[in-house]
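**Q** requesting a structural model of the entry that follows:
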Amino acid sequence: MSILAFDLGASSGRALLGRLTGGKIEVEEIHRFGNDPVATCSRLQWDILRLYHEIQQGLLKAKHRGETPESIGIDSWAVDFGLLDRNGELLGNPYHYRDHHTDGVMERVAARLGEQTIFGKTGIQFLPFNTLYQLAALKEADSPLLASAERFLMIPDLLRYFLTGEALNEFSNATTTQFYNPLTGGWDADLLVGIGIPSSWFGPIADPGASAGQLRSSVSETLGLPRIPVIAVAEHDTGSAVAAVPATERSFAYLSCGTWSLMGTEVDRPVINELSQKYNFTNEGGVGRTYRLLKNIMGLWILQETKREWDRAGREYSFPELVKLAGEAPAFGAFIDPDDGLFLHPGDMTPRIREYCARTGQRAPEGPGEVVRCILESLALKYRYVLELTETLSAQQFGGLHMVGGGIQNALLCQWSANAIKRPVWAGPAEGSAIGNLAVQWIARGEFSDIWEARRVIRDSFPVTVYEPQDGEAWEEAYGTFRRLAGLAD
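**A** Sure, this is the predicted structure:
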């Protein structure tokens, strides 16, 4: 018997069948597809109907393999959403979080409502694309969507609604909006009033593992499938990825590595104080009402955009080719802060890297090898900085770092991360979000007693590659240079 996980990332999606066999997890990828935003009329939006189509294709591919999944779960990136009208119809394509319509909005909202008030109510990192500022941007623009809207659903909520007709919000994703209040355990009406959005749009919040309905009869008839139950997993993909961390101890540090890098630890309650606000950390919900004390790092987005830039110019390289060139380039030629605002929006990255280097008095990297080495070394050094802040905020010391997600296929980044943090890196599993999605479904179905039994089975089921730190003196010197150039606080 199998279950089915849909894992939607910011650049691609996949459908994986999961089975429990002999006390171990087996996964089979049955469908993979691109997830490309669409730029129209000066807006950047998600092609949400295509994603729904691909989910249906995944269900059909399971059927064609002779499988009828016992349940289905969906996870995706955070912060983005759709609005429904009074008839339950979608109002427009959801905006992409990298769209420019939020430019300057965070600063205006923070000035009006107060940074300390916002952070004190939510414990969420200030990022210009947070849902709070996306909704405020629509309000500032007097968007006609708002006049017709009656229901707010985040991306997995929306896709689940298409499948089941059940409209509910899930906890791990709700906490990323920056208007969920973990101290009261619900939507913060004061913040919503502060941006002019009615709280009536926001419904009950379901915990990871809650029943979220079953396939609509119309979907079942169209696909020739029974009305399969749908479970609200940890629907923020990082929440699912952290659920899949094969940790042996309750105190552990993780890095979910993909388009975004998300580094932190799991805590029982949110850490909301002056220091976590100063360092701009975030407290996002996890499985079992835990919290992920973490920081968002720009991640492999910069490399992905650089590759797209070269592809457009007819200089096509595969990612393995680029990593090989980076390994052959001179070490520590130049550094960037991956989280500098220069690198947030889509577009050519090499001119922005040159601009950053000119601004900080460095020689800009030349050629693909040097550029990619600059990106990867800078990421590894930023990981050390954030790991040390995580230890300070959580009052813990970590013996190493668990890396999960597609980025661990880049062995050079894993090794350089170990070098930078001066501790072992334990890399695996690569499909962390999908495996965490499956794990929560099995918990809901009673196959696992809790997340810790699930983590033990994950640890026994998937290989973990250990990277030991090397070249400590050189990386220590590079870290000092990186911090100075990036202007990172103690």
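
**Q** need the helix or strand of the chain with the lowest average pLDDT.
**A** strand 38-40 (a mean of 93; mean pLDDT, DSSP states H and E).

**Q** ok now that strand, how far from the chain's centre?
**A** Centre-to-centre, strand 38-40 and its host chain are 22 Å apart (CA atoms, centre = their mean, to the nearest Å).

**Q** just after that strand, pick out the following helix or strand.
**A** strand 43-45 (DSSP states H and E).

**Q** ranges for the helices of the stretch 51-200 of the chain?
**A** Here the stretch 51-200 of the chain has its helices, by DSSP state H, counting those that start in this stretch, at 105-113, 115-122, 131-140, 144-148, 155-164, 171-174, 189-194.

**Q** adding mean neighbour count and distance to E54, write those helices out as JSON lines.
**A** (C-beta placed from N, C-alpha, C; glycine too.) Formatted as JSON lines, the helices of the stretch 51-200 of the chain follow (neighbours: other CB atoms under 10 Å; distance: least, CB to CB, whole Å):
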{"stretch": "helix 105-113", "mean neighbour count": "17", "distance to E54": "31"}
{"stretch": "helix 115-122", "mean neighbour count": "19", "distance to E54": "32"}
{"stretch": "helix 131-140", "mean neighbour count": "23", "distance to E54": "24"}
{"stretch": "helix 144-148", "mean neighbour count": "13", "distance to E54": "25"}
{"stretch": "helix 155-164", "mean neighbour count": "24", "distance to E54": "10"}
{"stretch": "helix 171-174", "mean neighbour count": "29", "distance to E54": "19"}
{"stretch": "helix 189-194", "mean neighbour count": "17", "distance to E54": "32"}
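
**Q** what about those helices, which gets the closest to T248?
**A** Nearest to T248 among those is helix 171-174 (23.2 Å), distances taken as CB to CB.

**Q** any idea how far the closest one is from the middle of the chain?
**A** 12 Å.

**Q** before we move on, what about stretch 336-348?
**A** 17 Å.

**Q** tell me which residues are up against it.
**A** 37, 44, 98, 100, 128, 261, 296-299, 301-302, 305, 309, 349, 352-353, 355-357, 374-375, 378-379, 382, 485-488 (CB atoms under 8 Å, 6 or more residues apart in numbering).

**Q** what about it, how long is it end to end?
**A** 15 Å (CA to CA, to the nearest Å).

**Q** can you list the buried residues in it?
**A** Neighbour counts over stretch 336-348 (16 or more other CB atoms under 10 Å) mark 336-340, 342-344, 346 as buried.

**Q** relative to G92, which of those residues is nearest.
**A** P346 (20.2 Å).

**Q** any idea how far that closest one is from I336?
**A** Distance, P346 to I336, by CB to CB, to the nearest Å: 17 Å.

**Q** follow-up on the earlier one: quick check on the contacts of stretch 336-348: which are buried?
**A** 37, 44, 98, 128, 261, 296-299, 301-302, 305, 309, 349, 352-353, 356-357, 374-375, 378-379, 382, 485-486, 488.

**Q** narrow those to those in helices?
**A** 301-302, 305, 309, 352-353, 356-357, 374-375, 378-379, 382, 485-486 (DSSP state H).

**Q** and the least confident helix or strand of the chain, what's buried?
**A** Buried-residue list, strand 38-40, by 16+ other CB under 10 Å: empty.

**Q** got the domain boundaries for this structure?
**A** Following the assignment in automatic domain parsing, the chain carries domains at 3-237, 245-428+448-490.

**Q** can you check which of the helices of the stretch 51-200 of the chain gets nearest to E67?
**A** That would be helix 155-164 among these, by CB to CB, at 17.0 Å.

**Q** mind listing residues that contact that closest one?
**A** For helix 155-164, using CB under 8 Å, 6+ apart, the contacting residues are 6, 8, 46, 48, 51-52, 55, 72, 74-77, 80-82, 84, 90, 94, 153, 166-170, 173, 212-216, 219, 230, 232, 235.

**Q** of those residues, which belong to strands?
**A** Using DSSP state E, the subset of these located in strands is 6, 8, 72, 74-75, 81-82, 84, 153, 169-170, 212-214, 230, 232.

**Q** from these, which two are the most distant?
**A** Once CB to CB is applied, those give F81 and Q214 as the farthest pair, at 23.4 Å.

**Q** what are the ranges of the strands in the stretch 351-490 of the chain?
**A** For the stretch 351-490 of the chain, applying DSSP state E, counting those that start in this stretch gives strands covering 401-404, 425-427, 465-467.

**Q** give the residue farthest from the middle of this structure.
**A** E221 (33.5 Å; CA atoms, centre = their mean).

**Q** could you list the buried residues of the strand or helix carrying it?
**A** E221 is part of helix 217-223 when elements are defined by DSSP H and E. Within helix 217-223, the residues that count as buried by 16+ other CB under 10 Å are 219-220, 223.

**Q** output the helices of the stretch 51-200 of the chain as a markdown table; include the columns mean pLDDT.
**A** Below are the helices of the stretch 51-200 of the chain laid out as a markdown table (pLDDT from 0 to 100):
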| stretch | mean pLDDT |
| --- | --- |
| helix 105-113 | 98 |
| helix 115-122 | 98 |
| helix 131-140 | 98 |
| helix 144-148 | 97 |
| helix 155-164 | 98 |
| helix 171-174 | 98 |
| helix 189-194 | 98 |
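
**Q** fine by me, thanks again.
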